[in-house]
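1. predicted model and sequence below, questions to follow.
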Amino acid sequence: MARTEAQDSGARQGAGILESRLTRLGREEFARDVWGRTAVLTRGASDFSDVFSPGAVDELISRRGLRTPFLRVAKDGSTLPESSFTAPAGVGATVADQLDDTALWRAFEDGATLVLQALHRTWEPVAELVSALGTELGHPVQANAYITPPQNRGFDAHYDVHDVFVLQIAGSKRWVVHEPVVPDPLRDQPWTGHRAAVAERAAHVAPHLDTMLRPGDVLYLPRGWLHSARAQGEVSVHLTLGIHVRTRYALAEHLMRAALAELAADPSMRRSLPLGTDAPDVLTDLVRERLLAAVADADPAPLFHRAHRSGARPAPLGPLAQLAALHRLGPASPIRLREALAPRLDGARLFTRVGYLDLPADDVAPVARLLDGRVRTAGDLGLPLAGRLLRAGVLVPADR
């Protein structure tokens, strides 16, 4: 018997973002069969009207006082200069590059695509979705919106150096997807370095997908997969969630940095080469041996975790609400760990996205209990420790 949409929705309640809103696949199934391997289209994955909408586009452009680089404009495959769509903010503001809604309207009506960038910083529902997805995937996520007028191509066939989920918000858009010419490209291997190969594949090889995305559809593309898109007979709005994946190569970079830091502390490795030498084999072999030993002994974990923490921002914190919570702090005050902190307790040191704290021995166990994210009272934690963590921006007030 076929399942109804309501049954599917009910079955997905309590599931992660991947299953409930993007792919209908659980995290393990997605990781095994899809992640980094193949492009996948999910029809009617979710109603995204609670996340973004054409009305949100108009509000951001005309009422939020956005500045560059929160928006860029593209036409016929090229990006327009910022001066063509920005203007001074007016009396009382010394801001010369706020978005000019009149100029943007004229560019849009003339066929330009508007790209609202870093929406996880400017639109709260998108920020919440991005934060939840980043936590689920364990990789940093950012969000852009592409607003394309009817029959406009936007950008030529290209690939990204990060994985993406494309969420169709309004209108429809035809997507043509080809397999990679550079599998799993690194961040310093953009498509522009392979422009001829990209154009050749897009023009002469049958696509992996040639499909129409409509509201609620989601397309997943691993990094390196070629894609181009064209709006149809109406305005198209889609969100792109970019996953900035951590790679084995990045881990190797952390390992080498840790090893080189160890060599820098070794006086024999800092010593000058003999005069008149061009690194003879005996010295090269010595350096190679010492480097391999340093790599074997190096611990890349601190650098890796530091990069993980710096790759995204913690949940928003209101200074006034934080101060009020500190002033009225009492044993019954509900508190919780601030979301998206990426906390890690290493001995008596707590690392988070807002810095690190060294803890007295007696505070380590109560802080460890905080890491499950549950709401507790300041009395459970101890008022001095609760106050310290509120001041540090690690704890926030919570509602029961």
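-> Cool, the structure landed.

2. give the contact list for the nearest residue to residue 371 once chain neighbours are set aside.
-> Spatially, and ignoring its direct neighbours in sequence, residue 371 is nearest to residue 343 (5.5 Å; C-beta to C-beta, 6 or more residues apart in numbering). The C-beta positions use only the backbone N, C-alpha and C, and glycine is treated the same way. Residues in contact with residue 343, defined by C-beta atoms under 8 Å, 6 or more residues apart in numbering, are 337, 350, 351, 352, 371, 394.

3. which of those residues fall within strands?
-> 337, 350, 351, 352 (DSSP state E).

4. widest-spaced pair of the residues you listed?
-> 337 and 351 (13.2 Å; C-beta to C-beta).

5. re the thing from before, let me know the closest of the ones in strands among the contacts of residue 343 to residue 301.
-> Set against residue 301, the nearest of the ones in strands among the contacts of residue 343 by C-beta to C-beta is residue 351 (10.7 Å).

6. mind listing the strands for the stretch 151-300 of the chain?
-> 163-170, 173-178, 209-213, 218-221, 226-231, 236-243 (DSSP state E, counting those that start in this stretch).

7. reformat these as CSV; add mean pLDDT and mean neighbour count.
-> Compiled in CSV, the strands of the stretch 151-300 of the chain are given as follows (pLDDT from 0 to 100; neighbours: other C-beta atoms under 10 Å):
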stretch, mean pLDDT, mean neighbour count
strand 163-170, 98, 22
strand 173-178, 96, 20
strand 209-213, 96, 16
strand 218-221, 98, 24
strand 226-231, 92, 22
strand 236-243, 97, 24
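
8. between residue 337 and residue 351, who's got more neighbours?
-> Using other C-beta atoms under 10 Å as the criterion, residue 337 and residue 351 rank with residue 337 on top: 23 against 19.

9. wait, what's in contact with the more buried one?
-> 343, 370, 371, 373, 394, 395, 396.

10. so the last one sits in a strand?
-> Yes: checked against DSSP: H, G, I helix; E, B strand; the rest coil, residue 396 lies within a strand.

11. pretty sure it contacts residue 336?
-> Yes: if you go by C-beta atoms under 8 Å, residue 396 and residue 336 touch, sitting 6.4 Å apart.

12. who's more crowded, the two?
-> residue 396 (20 against 16).

13. how close does the closest residue to that one other than its chain neighbours sit to residue 266?
-> In this structure, residue 396 finds its nearest non-sequential neighbour in residue 338, 4.8 Å apart by C-beta to C-beta, 6+ apart. Per C-beta to C-beta, to the nearest Å, residue 338 is found 41 Å from residue 266.

14. the more surrounded of those two?
-> residue 338 (24 against 11).

15. hmm, that one is touching residue 397, no?
-> No: contact criterion C-beta under 8 Å: residue 338 and residue 397 do not qualify, at 10.3 Å.

16. and the strands of the stretch 151-300 of the chain as a markdown table, adding distance to residue 278?
-> Listed next are these as a markdown table, based on distance: least, C-beta to C-beta, whole Å:
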| stretch | distance to residue 278 |
| --- | --- |
| strand 163-170 | 45 |
| strand 173-178 | 48 |
| strand 209-213 | 55 |
| strand 218-221 | 48 |
| strand 226-231 | 45 |
| strand 236-243 | 46 |
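
17. closest one to residue 68 among those?
-> strand 236-243 (18.7 Å).

18. so what strands line up beside that closest one?
-> Counting by DSSP bridges, the strands paired with strand 236-243 are strand 141-148 (antiparallel), strand 163-170 (antiparallel).

19. alpha carbons of the last one, as PDB, please.
-> The reference is to strand 163-170. Output of strand 163-170 as PDB, limited to C-alpha atoms (Å, rounded to 0.1, in the frame of the first residue of the first chain):
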ATOM      1  CA  ASP A 163      29.300  20.200  -1.900                       C
ATOM      2  CA  VAL A 164      25.900  21.800  -2.300                       C
ATOM      3  CA  PHE A 165      22.200  21.300  -1.600                       C
ATOM      4  CA  VAL A 166      20.000  23.300  -4.000                       C
ATOM      5  CA  LEU A 167      16.600  24.000  -2.500                       C
ATOM      6  CA  GLN A 168      14.000  25.400  -5.000                       C
ATOM      7  CA  ILE A 169      12.000  28.000  -3.200                       C
ATOM      8  CA  ALA A 170       9.900  29.700  -6.000                       C
END
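
20. residues in contact with that strand?
-> For strand 163-170, contacts defined as C-beta under 8 Å, 6+ apart pick out 22, 35-36, 45-46, 48, 51-54, 133, 145, 175, 213-223, 235-243, 245.

21. repeat for the first one
-> For strand 141-148, contacts defined as C-beta under 8 Å, 6+ apart pick out 52, 57, 108, 113-120, 126, 129-131, 133-134, 154, 169, 171, 173, 229-231, 235-244, 312.

22. only alpha carbons, please: show that strand as CSV.
-> This file holds the C-alpha atoms of strand 141-148, laid out as CSV (Å, rounded to 0.1, in the frame of the first residue of the first chain):
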residue,chain,number,x,y,z
VAL,A,141,27.7,25.1,6.0
GLN,A,142,26.9,28.5,4.4
ALA,A,143,23.9,29.7,2.4
ASN,A,144,23.3,31.9,-0.7
ALA,A,145,20.1,32.6,-2.6
TYR,A,146,19.9,33.0,-6.4
ILE,A,147,17.1,35.1,-7.8
THR,A,148,16.9,34.7,-11.5
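
23. having no further points to raise, I will conclude here.
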